[in-house]
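Peer 1: model the structure of this input:
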Amino acid sequence: MKIFYALVLSFFMSTCIIGQNVHPADTGKHVPKQDTINPNKGHIKTQLKEIKEKKIKEHSDSIRPDSIGNQPKKSSKIDTVVQNKYGDLLKDDSAYNKKYPLWIPFVEGIGDNAALSLIDSKIFKYGWAQVGITSWKRNLSAGPPWGAGWDWDQTRFGNDFLGHPVFGNFYYNDARANGYNFWASAPFALIGSYEWKIFGENITPERNSLIATTVDGILLGEILYRLSSTILDDRTTGSNRTFREILATIVDPMRGFNRLLQGKTSRRTNKEIYQKEPVNITFYGGIHKINDHTNAILSGPTSEILNIQFDYGNPFEVRARQPFDFFKLRVETDLGVGRKIIDNVTGYGVLFSRNAQCGKLALLEGGFLYYDYWDKPIFELSTIALGAGVFSKSPIGKNSFLYTNLHLGLVPFAGNSTEPISDTSQYRDFNFGYGWEAKVESSIILGNIATVGINYYYFMLRSINDVGIDEPAGAASLGDNFVGILEPKITFRIYKNLSIGTEYYLYSQTHTNDGYSISTYHTEQEIFLEFYFEDPQRRGHFNL
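Peer 2: Numbering: from 1, shown residues only. Model (predicted):
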């Protein structure tokens, strides 16, 4: 497996090494661009508006791009040691975001678990939440998570692969909000999750909860921290400042809690102090048809959908990157069809990368952390993956571009349904497993007229045995699952950032075990209105 992964990674990282011109990051020191405000020069709100307009004018690839449209116009006012090409900080200003003592995030993690335990045991009165010295001693003696003392739980899909990651993001941001970087904050997701498994429940600790809470919690935690930084601005005052603080707290509750304790909610600075990257936001709402067993178009029930997608950072800006300086997060809800409201959450974040240029073809090659969560009425699928990705941008006209990205990753842990699922079940109706995944996402931007895209995701997952008391014994696995998800999509511009569009889903799965196989497929359609909010400094639907 290690050899396989090394070969795959080498293949992706070498895509354009031969015959390419690599542009190294500009590390020369220049005169830093000043964005400070002066109370003696008029109203703060007016000064901030002028600063924003100046940044857009001087450092924008939407208004003044270079000859191939990948870089904003270079400026001698940018210090590329501390700022990106858009004039934003490459990391939080340490003078205003100091690292607090290590015991603070550790204690906050204990507080998270204590609060949740009180809610579960005293308000909801769950039997498994009635803990004490006896349960603590028993769980402490369970040994390491991979040993026989730990189990695989029997709870429903959404609890395992969405609820746990959401809470894992709290543990992660206990540290992130106290001045720790990505790598230093990551262990706190594991520590908090382990504490809960030992002290928060009176049942045998479950290893799957530990895995999902930790890894997916890190991914969601860093994404939410970055999005909250985009919202915050300690230069603002009045109702503007109040709205920003409230919204940032909704996005990242533990950061909002710590800002209150640290006195940052009322702190005023005269310059920007948070790392920010350009963010494009896509929001759409419409109707969703899940076809019946005939798979005839528009043959099933109708429900309402709401979808939001964040594309953070410019993958084609030539620069050095830290983890999650570039990421994508998409969340889709399906209203009106049973309890499965969160229909789909997918995302990835860069861990390390390099840029390259082959003529007019711009490339980003790197390693990524992936999260997939599909909780649909017809199937359940979730994966944790680590792998390699290649992003490309190619002009095909004056205002038209082809964007393509390819991904190949190892899946150390997954959950996947192989039988018809129940919308009302509170217990596990899926198998745990491992395997690999491959993804292709491509879109053609036809100026201001239309966008045509197609995504294809392929998963090969081997179900593992010994996943619970209701599973058969004696076999090395419960079979292999080959899953494909095809998503063609087209949108037409109606007016400015408003478009009308449609998307088609084709889900197929082949399950093999003990010499037999069975294949199934399902189809869905969506019709929607789409609002695309492009950052004034960033041009392009990079990842639709």
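
Peer 1: use CA for all of it now, contacts and neighbours both
Peer 2: Noted.

Peer 1: burial count for residue 308?
Peer 2: The tally of other residues near residue 308 (other CA atoms under 10 Å) stands at 18.

Peer 1: same thing with the one 4 residues further on?
Peer 2: Using other CA under 10 Å, residue 312 has 26 other residues around it.

Peer 1: name all residues that make contact with it.
Peer 2: Neighbouring residues of residue 312 by CA atoms under 8 Å, 6 or more residues apart in numbering: 277, 278, 279, 280, 325, 326, 327, 328.

Peer 1: which strand or helix spans the residue nearest in space to the middle of the chain?
Peer 2: Centroid-nearest residue in the chain: residue 347, 3.5 Å away (criterion: CA atoms, centre = their mean). Assigned by DSSP states H and E, residue 347 belongs to strand 342-358.

Peer 1: now for that strand, which elements pack on it?
Peer 2: The contact analysis (3 or more CA pairs under 8 Å, 6 or more residues apart in numbering; DSSP states H and E) places strand 342-358 against strand 327-335, strand 361-375.

Peer 1: please identify the most buried of those strands.
Peer 2: Ranked by mean neighbour count under mean count of other CA atoms under 10 Å, the helices and strands packed on strand 342-358 are led by strand 361-375, which reaches a mean of 22.

Peer 1: now that strand: average pLDDT?
Peer 2: When pLDDT is averaged along strand 361-375, the result is 96.

Peer 1: output the contacting helices and strands for that strand.
Peer 2: Using 3+ CA pairs under 8 Å, 6+ apart as the test, strand 361-375 ends up in contact with helix 2-13, helix 207-231, strand 342-358, strand 380-395.

Peer 1: so how far is residue 509 from residue 401?
Peer 2: 33 Å (CA to CA, to the nearest Å).

Peer 1: ditto for residue 361
Peer 2: 35 Å.

Peer 1: what does residue 105 give?
Peer 2: Separation of residue 105 from residue 509 (CA to CA): 43 Å.

Peer 1: quick one, which of these two is more surrounded?
Peer 2: Neighbour totals were compared for residue 105 and residue 509, and residue 105 leads with 25 against 21 (other CA under 10 Å).

Peer 1: touching, that one and residue 175? I think so.
Peer 2: Yes: at 5.0 Å, residue 105 and residue 175 qualify as touching, with contact defined as CA atoms under 8 Å.

Peer 1: need the residues touching each of these two.
Peer 2: Joint contacts of residue 105 and residue 175 (CA under 8 Å, 6+ apart) are residue 188.

Peer 1: rewinding a little: got the helices and strands packed on strand 361-375 as a markdown table, with mean pLDDT and distance to residue 502 columns?
Peer 2: Shown next, in a markdown table, are these (pLDDT from 0 to 100; distance: least, CA to CA, whole Å):
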| stretch | mean pLDDT | distance to residue 502 |
| --- | --- | --- |
| helix 2-13 | 39 | 32 |
| helix 207-231 | 96 | 28 |
| strand 342-358 | 94 | 17 |
| strand 380-395 | 95 | 23 |
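
Peer 1: where does pLDDT dip in the stretch 1-150 of the chain?
Peer 2: The stretch 1-150 of the chain contains residues with pLDDT under 70 at 1-35, 38-40, 62-81.

Peer 1: just the stretch 401-544 of the chain next, same as before
Peer 2: Within the stretch 401-544 of the chain, the stretches with pLDDT under 70 are 422-425, 465-477, 543-544.

Peer 1: which stretches of it form helices?
Peer 2: Using DSSP state H, counting those that start in this stretch, the stretch 401-544 of the chain contains no helices.

Peer 1: which stretches in it count as strands?
Peer 2: Secondary structure of the stretch 401-544 of the chain (DSSP state E, counting those that start in this stretch): strands at 431-446, 450-464, 477-495, 498-513, 516-533.

Peer 1: now distance to residue 421 too, for those, in JSON lines please.
Peer 2: Output for the strands of the stretch 401-544 of the chain, formatted as JSON lines (distance: least, CA to CA, whole Å):
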{"stretch": "strand 431-446", "distance to residue 421": "12"}
{"stretch": "strand 450-464", "distance to residue 421": "17"}
{"stretch": "strand 477-495", "distance to residue 421": "16"}
{"stretch": "strand 498-513", "distance to residue 421": "14"}
{"stretch": "strand 516-533", "distance to residue 421": "13"}
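
Peer 1: what pairs with the residue nearest to the centre of the chain across the strands?
Peer 2: Beta bridges link residue 347 to residue 329, residue 371 when assigned by DSSP bridges.

Peer 1: my guess is it contacts residue 370. True?
Peer 2: Yes: using CA under 8 Å, residue 347 is in contact with residue 370, at 6.0 Å.

Peer 1: in the stretch 151-300 of the chain, which segments are predicted with low confidence?
Peer 2: The model of the stretch 151-300 of the chain has no residue with pLDDT under 70.

Peer 1: A strand includes residue 272, no?
Peer 2: No: Residue 272 is assigned coil when assessed by DSSP: H, G, I helix; E, B strand; the rest coil, not a strand.

Peer 1: run a quick neighbour tally on it.
Peer 2: Applying other CA under 10 Å, we find 20 other residues in the vicinity of residue 272.

Peer 1: distance of the closest residue to residue 490 other than its chain neighbours from residue 140?
Peer 2: Using CA to CA, 6 or more residues apart in numbering and skipping the chain neighbours, the partner closest in space to residue 490 is residue 452 (4.5 Å). Here residue 452 is placed at a distance of 54 Å from residue 140 (CA to CA).

Peer 1: repeat that for residue 493.
Peer 2: Distance from residue 493 to residue 140, counting by CA to CA: 59 Å.

Peer 1: more crowded one of these two?
Peer 2: Per other CA under 10 Å, whichever of residue 493 and residue 140 has more neighbours is residue 493, with 19 against 15.

Peer 1: count residues in the vicinity of residue 380, would you?
Peer 2: Counted by other CA under 10 Å, the residues lying close to residue 380 total 23.

Peer 1: distance of it relative to residue 542?
Peer 2: Computed as CA to CA, the residue 380 to residue 542 distance reads 28 Å.

Peer 1: next, the nearest residue to residue 399 once chain neighbours are set aside: phi, psi?
Peer 2: Spatial nearest neighbour of residue 399, excluding adjacent residues (CA to CA, 6+ apart): residue 447 at 4.7 Å. Main-chain torsions, residue 447, degrees, to the nearest 10: phi 50, psi -130.

Peer 1: for residue 447, give me its contacts.
Peer 2: 399, 400, 401.

Peer 1: ok, now which ones touch the closest residue to residue 327 other than its chain neighbours?
Peer 2: Once flanking residues are discounted, residue 327 sits nearest to residue 349: 4.2 Å by CA to CA, 6+ apart. By CA under 8 Å, 6+ apart, the contact list for residue 349 reads 219, 323, 324, 325, 326, 327, 328, 368, 369, 370.

Peer 1: just put those in JSON lines and tack on distance to residue 531.
Peer 2: Listed next are those as JSON lines, based on distance: CA to CA, whole Å:
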{"residue": "219", "distance to residue 531": "26"}
{"residue": "323", "distance to residue 531": "28"}
{"residue": "324", "distance to residue 531": "25"}
{"residue": "325", "distance to residue 531": "24"}
{"residue": "326", "distance to residue 531": "22"}
{"residue": "327", "distance to residue 531": "20"}
{"residue": "328", "distance to residue 531": "17"}
{"residue": "368", "distance to residue 531": "28"}
{"residue": "369", "distance to residue 531": "28"}
{"residue": "370", "distance to residue 531": "26"}
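
Peer 1: quickly find the element holding residue 50.
Peer 2: Per DSSP H and E: helix 44-58 holds residue 50.

Peer 1: centre of the chain to that helix, how far?
Peer 2: Between the centre of helix 44-58 and the centre of its chain there are 30 Å (CA atoms, centre = their mean, to the nearest Å).

Peer 1: if I look at residue 131, how far off is residue 200?
Peer 2: In terms of CA to CA, residue 131 sits 7 Å off from residue 200.

Peer 1: neighbour count for those two, which is higher?
Peer 2: Between residue 131 and residue 200, residue 200 has the larger neighbour count (other CA under 10 Å), namely 25 against 17.

Peer 1: ok, and the closest non-adjacent residue to that one?
Peer 2: Nearest residue to residue 200 in three dimensions, chain neighbours excluded: residue 117, at 5.9 Å (CA to CA, 6+ apart).
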